[in-house]
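Chemist: this one's sequence-less:
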Ligand SMILES: [Zn+2]
């Protein structure tokens, strides 16, 4: 109950903030200086063609790592300004770009599910031709296959408190807020519900920069814990969301803490 209330408050806060920003910021595109919003449609199209998002399979122990774009050019600049220079107004564009990659993969997964359903039906027909009961084992296997994803929970990797204070906002939470908006509309037709939940909390203030990979991994594992009273649902697809990943150590550690059946990771860009 409390969680829902704080989510609503956050939504109100963002709406007011956007309204004020629209009034005070010049309504010009940051790339081409034309009118039509902070990023005009032409420039959005340009970036999506020149620097499309991509998917990496079996990465950092995740079934899928979804990346919004390569670390270069305008895209890199937008990510940096969003993260370090308080340009929260870039959040929507960046989230939409990452959202397109997530949407593409979820859509594909749903289509795969459907085709495996057809195969299963054919298999059922064959089985019923033969007389006799099916072994329990086969029935159980089918049950597992039938489990289809109906819900996606976006989980922000918790930002260090000190960084939130310095930057004036929690950029990863903001990213998840915008992602929820974008994906809910897109995935409604596929019967998938999307919401963000900040399920993880940060335990210590350790910054990982410049440490050995093994050391980073160890520290990362100690950095997070799951919020009290949270129940992980086994038919839900969890997507861990982070801004930039370097070694994947934080993501892998968060996945370990989350202990969900199905977890993907989504980031704006990959450092190397
Ligand atoms: Zn433009």
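Modeler: Happy to help now that I have it. Quantities reported herein were computed from a predicted structural model and do not represent experimental measurements.

Chemist: when you work out contacts or count neighbours from here on, use the C-alpha atoms and nothing else.
Modeler: Fine.

Chemist: residues in contact with residue 153?
Modeler: Remark: with contacts taken as Cα atoms under 8 Å, 6 or more residues apart in numbering, residue 153 is in contact with 194, 195, 196, 197, 236, 237, 238, 239.

Chemist: residues from the chain in reach of the ion?
Modeler: 29, 31, 32, 40, 43 (Cα under 5 Å from the ion).

Chemist: got a markdown table for the residues you listed, with neighbour count too?
Modeler: Formatted as a markdown table, these follow (neighbours: other Cα atoms under 10 Å):
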| residue | neighbour count |
| --- | --- |
| 29 | 18 |
| 31 | 13 |
| 32 | 12 |
| 40 | 19 |
| 43 | 17 |
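
Chemist: which stretches of the chain form strands?
Modeler: Counting by DSSP state E, the segments of the chain that form strands are 54-59, 62-67, 151-156, 193-196, 200-202, 224-226, 236-245, 262-270.

Chemist: these two touch, right, residue 172 and residue 244?
Modeler: No. Contact criterion Cα atoms under 8 Å: residue 172 and residue 244 do not qualify, at 9.8 Å.

Chemist: so for these two, which sits in the more crowded spot?
Modeler: residue 172 (22 against 19; other Cα atoms under 10 Å).

Chemist: from the ion, how far out is that one?
Modeler: Residue 172 is 25 Å from the ion, where distance means Cα to the ion, to the nearest Å.

Chemist: ok, residue 231 next?
Modeler: 44 Å.

Chemist: what's around that residue, how many residues?
Modeler: 11.

Chemist: who touches it in this structure?
Modeler: Not one residue lies near residue 231 by Cα under 8 Å, 6+ apart.

Chemist: ramachandran angles for it?
Modeler: phi -110, psi 130 (degrees, to the nearest 10).

Chemist: got the confidence number for it?
Modeler: Listed pLDDT for residue 231 reads 86.

Chemist: what's the answer for residue 112, then?
Modeler: Predicted confidence (pLDDT) for residue 112: 78.

Chemist: the protein: helices as residue ranges?
Modeler: 2-24, 41-50, 73-84, 91-129, 136-146, 161-167, 171-187, 213-223, 249-258 (DSSP state H).

Chemist: other SSEs contacting the third one?
Modeler: I take that to be helix 73-84. helix 91-129 (3 or more Cα pairs under 8 Å, 6 or more residues apart in numbering; DSSP states H and E).

Chemist: most neighbours among the contacts of residue 153, which one?
Modeler: residue 238 (26 neighbours).

Chemist: surely it and residue 150 touch.
Modeler: No. Look at residue 238 against residue 150 with Cα under 8 Å: they stay out of range, at 11.3 Å.

Chemist: about what we covered before: okay, the helices of the chain in TSV with distance to residue 66 next?
Modeler: Converted to TSV, these look like this (distance: least, Cα to Cα, whole Å):
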stretch	distance to residue 66
helix 2-24	25
helix 41-50	15
helix 73-84	16
helix 91-129	7
helix 136-146	24
helix 161-167	24
helix 171-187	13
helix 213-223	21
helix 249-258	12
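
Chemist: ok, which of those comes nearest residue 201?
Modeler: Closest approach to residue 201 among the helices of the chain is made by helix 213-223 (8.3 Å; Cα to Cα).
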